[in-house]
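Engineer: predicted coordinates and the sequence they were generated for:
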Amino acid sequence: MKPFYALLDRARSDPRRIVLPESGDPRIVEASAKAVDEGVAEVVLIGNPDSVTRIAQDNGVPVDKLEIRDPAASGRLSDYVNTLYSLRAKKGMTFEEASEQALDPLWYANLMVHAGDADGCVAGAEYTTADVVRTALQLVGKNENYDLVSSFFIMMLCQPFHSLKGALIFADCGLNIEPDAEQLAQIAVASADSARHLLKVEPHIAMLSFSTNRSAEHPFVDKVVTATRLALDARPDLHIVGDIQLDAAIVPEILAKKAPDLEFDERANILIFPNIESGNIAYKLAERIGQADAIGPILQGLKQPVNDLSRGCSAEDVFRVIAVTVVQSQAHSGV
């Protein structure tokens, strides 16, 4: 877990204010307390203080250092309602609807991020991915450098039996179901930036397929080939290869046999899957059978970090995503 420990150290060097709206979940309360106790983040939990305190006590979690904010009792609620109404009035939202919607913990949390009252948001233990992403898009908005919001997992290969050591990025495993070539290229570019910001590594990107260097002819292969070209056109500084099979992407000896003309002398540390089906299966295989540690899903392409959680997450999973969100915030502010 050395790459993650390095990320933790960076989070501790400049903790950010992270808001979590699912305070009724013991996993969220435990992870939040750990993040504060270890100096990783300042945490705001959205909910009723008495209820959160009771959950914490029932689970032996100290909450004395946590800020717990009840939207209905917040002095910022009026400002957030006005902000929400101004953002959504053209979409048909009435002031009365904005007044009600701002009380929803997820919406309130994202309004905090929009207003600069929080540096990032983590949700998804109870809310669906669709809810988390839709609310973030409507209230936080897309980063002007990207046209697409996508997701990735950081896969930690740190067990003694792992022949390939360190951290890999798998994208997109949780959001874009069937990206076209242009979207696939955008996922690759955004993932390269995420690798540089979060892992401090030089990206080596494999655009995965069932074909290596046109060993098969099929529209699926054509999409990956086109996506590779588009990504290189957009960012000629990046080291990208595609179409390429997984084994060739991570074992140089296999690549040398399958496609000696391909210039890719480093093992890939970013794997771009052609669709969500292959990506989702791959990360779960790596986690459940390969015993890799999966951190995510992490969202990329937003103005400020808002991250999703798997509803099957553990408290440790939440803690890790909080730490990633802090480092993402640092990157957004140029740290």
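Structural biologist: Here it is on my side, so go on.

Engineer: low pLDDT regions in this protein?
Structural biologist: Applying pLDDT under 70 to the chain flags the ranges 1, 264-265, 333-335.

Engineer: what helix or strand is the residue nearest to the spatial centre of it on?
Structural biologist: Centroid-nearest residue in the chain, with CA atoms, centre = their mean: residue 298, separated by 0.9 Å. Element membership of residue 298, judged by DSSP states H and E, is strand 293-300.

Engineer: show me how far that strand is from its chain's centre.
Structural biologist: Mean-position distance between strand 293-300 and its chain equals 5 Å (CA atoms, centre = their mean, to the nearest Å).

Engineer: only C-alpha atoms, please: export that strand in CSV.
Structural biologist: The C-alpha coordinates for strand 293-300 follow below in CSV (Å, rounded to 0.1, in the frame of the first residue of the first chain):
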residue,chain,number,x,y,z
ASP,A,293,-7.3,-3.3,-2.9
ALA,A,294,-9.8,-1.2,-4.9
ILE,A,295,-10.2,2.5,-4.0
GLY,A,296,-13.2,4.1,-5.6
PRO,A,297,-15.1,4.7,-7.7
ILE,A,298,-13.4,8.1,-8.0
LEU,A,299,-15.1,10.7,-10.3
GLN,A,300,-13.0,13.0,-12.6
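
Engineer: so which elements touch it?
Structural biologist: helix 129-139, strand 150-157, helix 181-194, helix 276-288, strand 306-308, helix 315-332 (3 or more CB pairs under 8 Å, 6 or more residues apart in numbering; DSSP states H and E). Every C-beta, even on glycine, is put in place using the N, C-alpha and C of the backbone.

Engineer: out of these, which is the most enclosed?
Structural biologist: strand 306-308 (a mean of 27; mean count of other CB atoms under 10 Å).

Engineer: who does that strand pair with, and is each partner parallel or antiparallel?
Structural biologist: Counting by DSSP bridges, the strands paired with strand 306-308 are strand 120-123 (parallel).

Engineer: what secondary structure does residue 127 sit in?
Structural biologist: coil (DSSP: H, G, I helix; E, B strand; the rest coil).

Engineer: partners of the residue nearest to the centre of the chain in the sheet?
Structural biologist: residue 152.

Engineer: report the contact partners of residue 197.
Structural biologist: 327, 328, 331 (CB atoms under 8 Å, 6 or more residues apart in numbering).

Engineer: coming back round to it: which outside residues touch the strand holding residue 298?
Structural biologist: 1, 4, 129, 133, 136, 146, 149-156, 158, 173-175, 190-191, 193-194, 198, 283, 286-287, 305-310, 317, 320-321, 324, 328.

Engineer: if we can go back for a sec, what is the nearest of the contacts of residue 197 to residue 209?
Structural biologist: residue 328 (29.3 Å; CB to CB).

Engineer: ok, and the closest non-adjacent residue to that closest one?
Structural biologist: Closest residue to residue 328 apart from its sequence neighbours, by CB to CB, 6 or more residues apart in numbering: residue 305 at 3.8 Å.

Engineer: correct me, but the one you found touches residue 110?
Structural biologist: No: counting by CB atoms under 8 Å, residue 305 does not reach residue 110; the two are 11.4 Å apart.

Engineer: picking that back up, including distance to residue 17, could the helices and strands packed on strand 293-300 go into a markdown table?
Structural biologist: Formatted as a markdown table, those follow (distance: least, CB to CB, whole Å):
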| stretch | distance to residue 17 |
| --- | --- |
| helix 129-139 | 17 |
| strand 150-157 | 22 |
| helix 181-194 | 21 |
| helix 276-288 | 29 |
| strand 306-308 | 13 |
| helix 315-332 | 9 |
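
Engineer: so which of those is nearest residue 89?
Structural biologist: helix 129-139 (12.4 Å).

Engineer: so how far is the closest one from its chain's centroid?
Structural biologist: 13 Å.

Engineer: ditto for stretch 119-139
Structural biologist: 11 Å.

Engineer: first-to-last residue distance for that stretch?
Structural biologist: 14 Å (CA to CA, to the nearest Å).

Engineer: still on that earlier bit, which among the contacts of residue 197 gets closest to residue 18?
Structural biologist: residue 328 (10.1 Å).
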